[in-house]
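A.B. asks: attaching a predicted model along with its sequence, questions to come.
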Amino acid sequence: MTTRATLEERNRRLPGDDLIRDPIGSLTNAIDIAAAADRVWPWIVQMGAGTRAGWYSYDRLDNGGRPSATRMIPELQSVDVGTVFPAVPGATDAFIVAALQPRHFLVLGARAPDGSWLVTWSFVLERVDANRTRLITRARGAPGYRFHGLPRPVTSSAVAVVHSIMQRRQLLNIRRRAETLDTRGRAMTKTSSHTGWPERSAWLSRRTAHTSPRRGVGTDSRVRPLGMKPILFSIDSCRCTT
């Protein structure tokens, strides 16, 4: 399954692009999902480390080893501009919601000390038809970003590799959840009320049998949208691209 964006998707403007007008780079990825946007959106809006649902990528790297959620979490479905998405568990650094339109797009960002946007990370849902959605992601970095303080050329190369690996994993896991799980994390079948959803897979049978609902979900008041440390794709790897 490819997560490569088309040339047209890479070249056109997406929500969040206006926050960093002259980025040092931009990475755009995309995936087809056999589910309507209203089934994909809940998985995206509950993202975040620690007390949130996880990032659906490599949990050992970006969620302290805690498995990302395999169910939709009602208390995390309501977000607004300024909502904090912790970068890693217990972090004082975080993404914050910079812009959103429910079921259409979510833009996360991290600010520099002067208050300008240092990195943005957009998730855009585009309707293909009643049962298919195109999910497009884009990470952009401002000129001031450096990966672990490395020179700009090294930053660009390092970020391109790290981001592509982590972003691919996340997109595939969001796709799998939206296509095969109901709101409670139960595998859907063709005989369920969700007409047309895929049959239960062997992977999902094993996954749901050994994954219990997450505890302690809520808002982590300790995080603040400052600073930024390496995480996930990571915040660092989101910040700069080739």
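C.D. replies: Looks like it came in fine.

A.B. asks: how much distance is there from the longest helix along the chain to the middle of the chain?
C.D. replies: Secondary structure of the chain read by DSSP state H shows that its longest helix is helix 152-180. Mean-position distance between helix 152-180 and its chain equals 9 Å (CA atoms, centre = their mean, to the nearest Å).

A.B. asks: for stretch 59-77, same thing?
C.D. replies: Distance of stretch 59-77 from the chain centroid (CA atoms, centre = their mean) equals 11 Å.

A.B. asks: residues of that stretch that come out buried?
C.D. replies: By 16 or more other CB atoms under 10 Å, the buried positions in stretch 59-77 come out as 59, 61-63, 68-73, 76. The C-beta positions use only the backbone N, C-alpha and C, and glycine is treated the same way.

A.B. asks: just the strands in the protein please.
C.D. replies: Along the chain, the segments classed as strands by DSSP state E run 25-33, 84-86, 94-101, 105-111, 117-129, 132-141.

A.B. asks: to residue 49, which of those strands lies closest?
C.D. replies: For these, the distance to residue 49 is smallest for strand 84-86, at 4.6 Å, taking CB to CB.

A.B. asks: partners of the closest one, with directions?
C.D. replies: The pairing partners recorded for strand 84-86 under DSSP bridges are strand 94-101 (antiparallel).

A.B. asks: can I get the strand it pairs with in PDB, CA atoms only?
C.D. replies: C-alpha atoms of strand 94-101 as PDB (Å, rounded to 0.1, in the frame of the first residue of the first chain):
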ATOM      1  CA  ALA A  94       3.600  19.700  22.400                       C
ATOM      2  CA  PHE A  95       1.800  20.300  19.200                       C
ATOM      3  CA  ILE A  96      -1.200  22.600  19.500                       C
ATOM      4  CA  VAL A  97      -4.200  22.800  17.200                       C
ATOM      5  CA  ALA A  98      -3.600  25.700  14.900                       C
ATOM      6  CA  ALA A  99      -6.700  25.400  12.700                       C
ATOM      7  CA  LEU A 100      -9.500  22.800  12.000                       C
ATOM      8  CA  GLN A 101     -12.700  22.200  10.200                       C
END
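
A.B. asks: low-confidence bits of this protein, can you list those?
C.D. replies: Within the chain, the segments meeting pLDDT under 70 span 92, 146-159, 183, 189-242.

A.B. asks: how close does residue 178 get to residue 137?
C.D. replies: Residue 178 is 14 Å from residue 137, where distance means CB to CB, to the nearest Å.

A.B. asks: what do you get for residue 35?
C.D. replies: Distance, residue 35 to residue 137, by CB to CB: 17 Å.

A.B. asks: residue 73 now?
C.D. replies: To residue 137, residue 73 is 21 Å away according to CB to CB.

A.B. asks: before we move on, what about residue 89?
C.D. replies: 22 Å.

A.B. asks: go on, residue 119?
C.D. replies: 13 Å.

A.B. asks: same deal with residue 22?
C.D. replies: Distance, residue 22 to residue 137, by CB to CB: 21 Å.

A.B. asks: the two: who's more crowded?
C.D. replies: Comparing residue 22 with residue 137 by other CB atoms under 10 Å, the one with more neighbours is residue 137, at 25 against 7.

A.B. asks: I figured the more buried one hits residue 124, correct?
C.D. replies: Yes - counting by CB atoms under 8 Å, residue 137 does reach residue 124; the two are 7.5 Å apart.

A.B. asks: what residues are shared contacts of the two?
C.D. replies: Common neighbours of residue 137 and residue 124, counting by CB atoms under 8 Å, 6 or more residues apart in numbering, are absent.

A.B. asks: list the buried residues in stretch 122-142.
C.D. replies: Neighbour count says stretch 122-142 has 122-125, 133-142 buried, by 16+ other CB under 10 Å.
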